[in-house]
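**Student:** missing the sequence, but the structure's below:
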């Protein structure tokens, strides 16, 4: 598979899937909502999201929406060789906004699509070139900034913020704003202090809350999922099985002593 650039609207009914290639989705018009392995957010014109390979994601378009979608296999020219560091963009899902230079480059890409006869008319090599420039520019803007000095992050305050908003669509940008830092600086400081990306930390906290509710209440699993920020029971079960090694339903059948109570930090 080679990289592919295409324009398409998203279905206005909720869909979900996972695929073995990375994806970048950039809004052109209208709005679309995504949840990528528990990380929720919305995109509209000049904003987008990064979907790493093999990450289950739910998505839905609103009204007359249109997106530019880049499909990027692991061995894409823009992610290998001299460009291998760009693969770090896909370490975790995230949402982003385009600044003015990137907005102008997006317009150039769209003009290339129109000039060469419409969607799908670009040669594979030309699509790789266009994708590589976009990825390089995104990486330059989203790459982690040097950690520098400063006092440690107040993790207790961040935990309280996360817990208050656990049922909603928390974004890394929300945590960064709570800490009064830029998203890049916050991400680097957070990883240095905790050993985890902010996204992975929030996911672990969601699972810990779900684990506690399953053990200590008789709430249906669908309600546990809603209270802890998962789209539905299936999304909760997938994440639970990945981190605990068993489905959430098993937690109510086995004694607590036989189960791990803390998800992995991988």
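**Tutor:** Received the coordinates, thanks. Predicted, not measured: the structure shown is a model, and the values here were computed from it. Numbers count the residues shown, from 1 in each chain.
**Student:** give me the neighbour count for residue 138.
**Tutor:** Neighbours of residue 138 under the rule other Cβ atoms under 10 Å: 19. Just so you know, the C-beta spots here come from the backbone N, C-alpha and C atoms, and that holds for glycine as well.
**Student:** and for residue 70?
**Tutor:** Neighbours around residue 70, by other Cβ under 10 Å: 24.
**Student:** Three-state assignment for it, please.
**Tutor:** strand (DSSP: H, G, I helix; E, B strand; the rest coil).
**Student:** from residue 136, how far off is it?
**Tutor:** Going from residue 70 to residue 136 by Cβ to Cβ, to the nearest Å gives 13 Å.
**Student:** what does the host helix or strand of residue 108 contact?
**Tutor:** Assigned by DSSP states H and E, residue 108 falls within helix 100-115. Identification of contacts with helix 100-115 by Cβ atoms under 8 Å, 6 or more residues apart in numbering yields 5, 7, 26, 28, 46, 68, 98, 119, 121-122, 126, 130, 133-134, 137-138, 141.
**Student:** 10 Å instead, please
**Tutor:** Helix 100-115 is contacted by residues 5-7, 26, 28, 45-46, 48, 68, 70, 96-98, 119-122, 126-127, 129-131, 133-134, 137-138, 140-141 when judged by Cβ atoms under 10 Å, 6 or more residues apart in numbering.
**Student:** which residue is nearest the middle of the protein?
**Tutor:** Among the residues of the chain, the one closest to the centroid is residue 93, at 2.2 Å (Cα atoms, centre = their mean).
**Student:** can you name the residues that contact the residue nearest to that one when sequence neighbours are not counted?
**Tutor:** Spatial nearest neighbour of residue 93, excluding adjacent residues (Cβ to Cβ, 6 or more residues apart in numbering): residue 36 at 3.8 Å. Applying Cβ under 10 Å, 6+ apart to residue 36 gives the contacts 18, 23, 49-52, 55-59, 92-95, 199.
**Student:** retrieve the pLDDT associated with residue 36.
**Tutor:** Predicted confidence (pLDDT) for residue 36: 86.
**Student:** and what of residue 69?
**Tutor:** Per-residue pLDDT puts residue 69 at 96.
**Student:** number of nearby residues for it?
**Tutor:** For residue 69, using other Cβ under 10 Å, the count is 16.
**Student:** measure it to residue 134 for me?
**Tutor:** On the measure of Cβ to Cβ, residue 69 and residue 134 end up 12 Å apart.
**Student:** how about stretch 205-222: buried residues?
**Tutor:** Buried residues in stretch 205-222, defined by neighbour count with 16 or more other Cβ atoms under 10 Å: 205, 206, 207, 209, 210, 211, 213, 214, 221.
**Student:** what's the closest non-adjacent residue to the last one?
**Tutor:** The shortest distance from residue 221 to any residue other than its chain neighbours is 4.8 Å, reached at residue 233 (Cβ to Cβ, 6+ apart).
**Student:** correct me, but the one you found touches residue 224?
**Tutor:** Yes. At 8.0 Å, residue 233 and residue 224 qualify as touching, with contact defined as Cβ atoms under 10 Å.
**Student:** who touches both of the two?
**Tutor:** Among the neighbours of residue 233, those also in contact with residue 224 (Cβ under 10 Å, 6+ apart) are 240, 248.
**Student:** against residue 223, how distant is the nearest residue to residue 191 once chain neighbours are set aside?
**Tutor:** Excluding the flanking residues, the one nearest residue 191 by Cβ to Cβ, 6+ apart is residue 197, at 5.9 Å. Between residue 197 and residue 223 the computed distance is 28 Å (Cβ to Cβ).
**Student:** re the thing from before, among the contacts of helix 100-115, which are in strands?
**Tutor:** 5, 6, 7, 26, 28, 48, 68, 70, 96, 97 (DSSP state E).
**Student:** distance to residue 166 for those - can I get that in CSV?
**Tutor:** Converted to CSV, those look like this (distance: Cβ to Cβ, whole Å):
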residue, distance to residue 166
5, 36
6, 35
7, 35
26, 28
28, 32
48, 25
68, 32
70, 31
96, 23
97, 24
